[in-house]
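Peer 1: sequence below, structure please.
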Amino acid sequence: KHPSEKAFKALFEKGEPEVSYFINDFVPDVNIKFRPDLDGSNYFLDYKTTSESISNFTKTILNFGYDISAGMYHEGKQESNRELYGEDIETKMYWLVQCTNPPYDWAIFSAERIMPIGIQKFYTLLERHNYSKSTGQYPGIAHFANAKHGIFTPEFAPWQTKLNNLI
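Peer 2: Numbering: from 1, shown residues only. Next up, the predicted model:
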């Protein structure tokens, strides 16, 4: 018996599959659409498959921008709730991740801790889109560099640096 089976059944029984959202003028002149794989009154779930170990899924979130799409889903669902109910409803987001290789393990990941970052990235991208649309110019990735002249200055995480000359 899988440790997350009871949680999955509760989400699945209360949710509706493949609900489409279309929000006109989410921000001025920008429409968004999204369709969670499972939509509940106060949550949504996105189904993902991976050929890698499920323990690498956090890295996959960053590599494929799943945090940004989660931010868009969240903010879109909040806007929909405001239109329907006149208020924000605390909304949770989950990924159901299944390995495509035997033994076909699966796990549920909560976006709770990364959602604020995904939302921030989503709005940053909306701002960049609006800027490009209004000016007809796209300054490219270098615009996001914090240093003068659009030059990036990468740093290694502490665990990636050498401890001494031998290692």
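Peer 1: hey, where'd the strands end up in this protein?
Peer 2: Under the criterion DSSP state E, strands of the chain are mapped to 16-17, 21-27, 30-34, 38-39, 43-50, 92-99, 106-110.
Peer 1: run through the bridge partners of residue 110.
Peer 2: Beta-bridge pairing for residue 110 (DSSP bridges): residue 94.
Peer 1: so what's it up against?
Peer 2: Applying CB atoms under 8 Å, 6 or more residues apart in numbering, we find residue 110 in contact with 92, 93, 94. Glycine gets a C-beta too; all of them are placed from N, C-alpha and C.
Peer 1: could I have the buried ones of these as ChimeraX selection syntax?
Peer 2: Here is the ChimeraX command that selects the buried residues among those (16 or more other CB atoms under 10 Å):
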select :93,94
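Peer 1: any chance of the contacts of residue 110 in a markdown table, plus distance to residue 8?
Peer 2: Formatted as a markdown table, the contacts of residue 110 follow (distance: CB to CB, whole Å):
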| residue | distance to residue 8 |
| --- | --- |
| 92 | 14 |
| 93 | 15 |
| 94 | 9 |
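Peer 1: any idea how far residue 120 lies from residue 16?
Peer 2: From residue 120 across to residue 16, the span is 29 Å (CB to CB, to the nearest Å).
Peer 1: these two: who's more crowded?
Peer 2: The residue with more neighbours, out of residue 120 and residue 16, is residue 120; 13 against 10, by other CB atoms under 10 Å.
Peer 1: picking that back up, from the contacts of residue 110, which single one is nearest residue 107?
Peer 2: Using CB to CB, residue 94 comes nearest to residue 107 of those, at 10.2 Å.
Peer 1: test for you: state the pLDDT assigned to the closest one.
Peer 2: Residue 94 is assigned 97 on the pLDDT scale.
Peer 1: any idea how far residue 140 is from it?
Peer 2: According to CB to CB, residue 94 and residue 140 sit 34 Å apart.
Peer 1: equivalent analysis for residue 67, please.
Peer 2: As judged by CB to CB, residue 67 and residue 140 stand 22 Å apart.
Peer 1: thanks a lot, catch you later.
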